[in-house]
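Colleague: sequence plus the predicted model coming up.
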Amino acid sequence: MVDLNNCIGELKNWTTGKGVIICAEGDIFSSGGYLPTVRSILNSQDAYRMSTLMHDTLLRLRELPLVTATIVHGKV
C-alpha cells in the first residue's frame, strides 16, 4: 500500500504520460493489503491507519489526470 501511495505521488507530477497500467508482480493480484501485515494488526488505531492510507491512496489514484487500467491475473 505504501509503495502504491508513493507511486501515485510521483504520477501526480508526471506531465509527459497519458495513462497508467497497474499490474501484479508475480502470479497473484492483490488489492493492496499484504496479508501478514493485515493479520498482525491487533488494535483499532492501527486498523484505522491502514484503512485511511488505502482510502487516501485510491482517492488520489482516481483523481489523477491519467487514464488508468489494471491487469488482473492469477489463480482462479
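Modeller: Looks like it came in fine. Source: prediction; values computed, not measured.
Colleague: mind listing the strands for this structure?
Modeller: Taking DSSP state E as the criterion, the chain carries its strands at 19-23, 67-71.
Colleague: any chance of the ones you listed in a markdown table with mean pLDDT and distance to Ile41 as columns?
Modeller: The C-beta positions use only the backbone N, C-alpha and C, and glycine is treated the same way. As requested, the strands of the chain are exported to a markdown table (pLDDT from 0 to 100; distance: least, CB to CB, whole Å):
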| stretch | mean pLDDT | distance to Ile41 |
| --- | --- | --- |
| strand 19-23 | 90 | 24 |
| strand 67-71 | 89 | 25 |
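Colleague: how about CSV for those, with mean neighbour count added?
Modeller: Putting the strands of the chain into CSV (neighbours: other CB atoms under 10 Å) gives the following:
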stretch, mean neighbour count
strand 19-23, 11
strand 67-71, 10
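Colleague: JSON lines for the ones you listed, including distance to Leu4?
Modeller: Conversion of the strands of the chain to JSON lines gives the following (distance: least, CB to CB, whole Å):
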{"stretch": "strand 19-23", "distance to Leu4": "8"}
{"stretch": "strand 67-71", "distance to Leu4": "11"}
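Colleague: closest one to Leu11 among those strands?
Modeller: strand 19-23 (6.2 Å; CB to CB).
Colleague: contact partners of that closest one?
Modeller: Around strand 19-23, the neighbours that count as contacts under CB atoms under 8 Å, 6 or more residues apart in numbering are 11, 29, 64, 66-71, 73.
Colleague: out of those residues, which is nearest to Asn5?
Modeller: Proximity of the contacts of strand 19-23 to Asn5, judged by CB to CB, is greatest for Leu11, which lies at 10.8 Å.
Colleague: residues in contact with that closest one?
Modeller: By CB under 8 Å, 6+ apart, the contact list for Leu11 reads 17, 20, 64, 66.
Colleague: quick one: contacts for Trp14?
Modeller: Going by CB under 8 Å, 6+ apart, Trp14 touches Leu66.
Colleague: can you do 10 Å?
Modeller: 20, 64-66 (CB atoms under 10 Å, 6 or more residues apart in numbering).
Colleague: next, give phi and psi for it.
Modeller: For Trp14, the backbone dihedrals are phi -80, psi 120 (criterion: degrees, to the nearest 10).
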